[in-house]
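Engineer: could you work out the structure for the sequence below:
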Amino acid sequence: MSRRPPRRRSSARRPSRSRSRRQRQDGTQLLIMGGAAAAAVSLMVTVVNWLIAHWWVLIVAALLLLLVGLGWWQHRAQRAQWQQAQARALRYGLAQLDALSHRQFEHAIRDLMHRDGCTDAVQVGGRGDLGADVKATDPYGRRWVIQCKHRRDGHQGAAVGTPDLQVLNGTGRPVHKADVVVMVTNGRITQPGRVFARQQRLHLVDRHVLAQWAAGSRPLWELLGAVPPPRRPSARS
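Structural biologist: Predicted coordinates:
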């Protein structure tokens, strides 16, 4: 008696079972998402109804936010006033300036210009500065470009000479569009350099002028001669 070969299960049923399983999973996910959305809507409706019934809570919250905002604004205004007062009181002695590094000296000059009312004073010295270490606009609208030469030995250090001033003269107005071009040093300036500066309308702040400016309260333009006229009216004019 011959045996019949066993029947092979059709592989066509496998894809249908896989699709059915995926469909059930997708349906479950949709049910979960739908339930979550319904719960969120229900919670939102409950919160809105509660707030409508307890409207005073919104008023209290608004008042609290207003008080917090006023406190933050007052703190910021007081901090700004303190910073302005600190800037107005800024003073340097020559010994302090001598002890600075060159970069710190540039920052000190920037801070002194800021003290004088140049709110946009910025230190820009570094590689590729093209002769400008500090830039600022004074309250009269004049654009200042300042080159700083710090000497650790102060008056005993190397004097600033004509070559340094030639570099500044070549970039101060043509490149940086300055109205006032200044060389500041805590040291000395040679006599030929002074002659060149006078010829080219460069302003010099040597150790003597720097001492007056840094330790006093007068703005730099009141200590220098032949400064260009204001570009625009100012509260100080």
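Engineer: please count neighbours and contacts with C-alpha atoms only from this point.
Structural biologist: Will do.
Engineer: this structure: strands as residue ranges?
Structural biologist: Here the chain has its strands, by DSSP state E, at 122-123, 134-137, 143-149, 180-185, 203-205.
Engineer: export these to CSV and append columns for mean neighbour count and distance to P230.
Structural biologist: Listed next are those as CSV, based on neighbours: other Cα atoms under 10 Å; distance: least, Cα to Cα, whole Å:
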stretch, mean neighbour count, distance to P230
strand 122-123, 20, 20
strand 134-137, 23, 11
strand 143-149, 24, 10
strand 180-185, 24, 11
strand 203-205, 22, 16
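Engineer: could those go into a markdown table alongside distance to A226?
Structural biologist: Formatted as a markdown table, those follow (distance: least, Cα to Cα, whole Å):
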| stretch | distance to A226 |
| --- | --- |
| strand 122-123 | 24 |
| strand 134-137 | 17 |
| strand 143-149 | 14 |
| strand 180-185 | 10 |
| strand 203-205 | 9 |
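Engineer: turn those into JSON lines, including distance to V41 and mean pLDDT.
Structural biologist: Converted to JSON lines, the strands of the chain look like this (distance: least, Cα to Cα, whole Å; pLDDT from 0 to 100):
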{"stretch": "strand 122-123", "distance to V41": "55", "mean pLDDT": "94"}
{"stretch": "strand 134-137", "distance to V41": "58", "mean pLDDT": "94"}
{"stretch": "strand 143-149", "distance to V41": "61", "mean pLDDT": "95"}
{"stretch": "strand 180-185", "distance to V41": "67", "mean pLDDT": "96"}
{"stretch": "strand 203-205", "distance to V41": "73", "mean pLDDT": "96"}
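Engineer: for D98, find the nearest of these.
Structural biologist: For those, the distance to D98 is smallest for strand 180-185, at 10.0 Å, taking Cα to Cα.
Engineer: what packs against the closest one?
Structural biologist: strand 143-149, helix 162-172, strand 203-205, helix 207-215 (3 or more Cα pairs under 8 Å, 6 or more residues apart in numbering; DSSP states H and E).
Engineer: that strand to helix 207-215, inter-axis angle?
Structural biologist: Strand 180-185 and helix 207-215 are oriented at 100 degrees to each other (axes from the mean of the first three to the mean of the last three Cα atoms, to 10 degrees).
Engineer: re the thing from before, dump the helices and strands packed on strand 180-185 to a markdown table, plus distance to A53.
Structural biologist: Shown next, in a markdown table, are those (distance: least, Cα to Cα, whole Å):
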| stretch | distance to A53 |
| --- | --- |
| strand 143-149 | 63 |
| helix 162-172 | 70 |
| strand 203-205 | 73 |
| helix 207-215 | 66 |
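Engineer: what ranges do the helices span in this structure?
Structural biologist: Taking DSSP state H, the helices of the chain run over residues 13-53, 56-88, 94-98, 102-115, 162-172, 191-199, 207-215.
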